[in-house]
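Q: can't give you the sequence, but here's the structure:
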């Protein structure tokens, strides 16, 4: 009887490990992220960020569509779960603008993890919050 119980425990432990392996989703930044950014709580801009891991780098785009902005650099420090995203765009007058967003990844084990932090472009500073939705 004791041998059967021990065997059953090993079987359950193996099944749990197998489920954990299949539950892994790859790189924590991969997916489509939705949220907003802005300089004040009342002045917000909707944003969509699509990122993927190619095995070496995180690549992606900001606001897919006619005014898409390619991500220049996206990094993840998995020791602190911090994220840095840099992108170059043009303002409404056509002048170059360099965006930098520094955030913290939260709810890492969740399907709907979040990134919150600060962003700036030039002298303009604000905050952002993104939630992964796929």
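A: It's in. Note that the structure is predicted; figures quoted are calculated from it, not measured. Numbers count the residues shown, from 1 in each chain.

Q: contacting residues for the residue nearest the centre of the chain?
A: Closest to where the C-alpha atoms of the chain average out (CA atoms, centre = their mean) is residue 29, at 3.7 Å. Residues in contact with residue 29, defined by CB atoms under 8 Å, 6 or more residues apart in numbering, are 51, 53, 58, 74, 76, 83, 105. The C-beta positions use only the backbone N, C-alpha and C, and glycine is treated the same way.

Q: run the last query once more with 7 Å
A: 51, 53, 58, 74, 76, 83 (CB atoms under 7 Å, 6 or more residues apart in numbering).

Q: among these, which are located in strands?
A: 51, 53, 58, 74, 76, 83 (DSSP state E).

Q: and the contacts of stretch 120-131?
A: Counting by CB under 7 Å, 6+ apart, 33-39, 49, 97-101, 103, 112, 114-119 sit against stretch 120-131.

Q: got a PyMOL select line for the buried ones in the residues you listed?
A: To isolate the buried subset of the contacts of stretch 120-131 in PyMOL, counting by 16 or more other CB atoms under 10 Å, use the following:
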select buried, resi 33+35+37+38+49+99+101+103+114+115+117+119
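
Q: return the subset of the contacts of stretch 120-131 lying in strands.
A: Short answer: the contacts of stretch 120-131 in strands (DSSP E) are 33-38, 49, 97-101, 103, 114-119.

Q: related to what we said a few turns ago, the contacts of residue 29: which two are farthest apart?
A: Greatest spatial distance among the contacts of residue 29 (CB to CB): 53 and 83, at 12.9 Å.

Q: who has more neighbours, the two?
A: residue 83 (22 against 16; other CB atoms under 10 Å).

Q: any idea how far the more buried one lies from residue 47?
A: 14 Å (CB to CB, to the nearest Å).

Q: find the residue ranges of the chain scoring beneath the pLDDT cut-off.
A: Low-confidence segments of the chain (pLDDT under 70): 1-25, 134.
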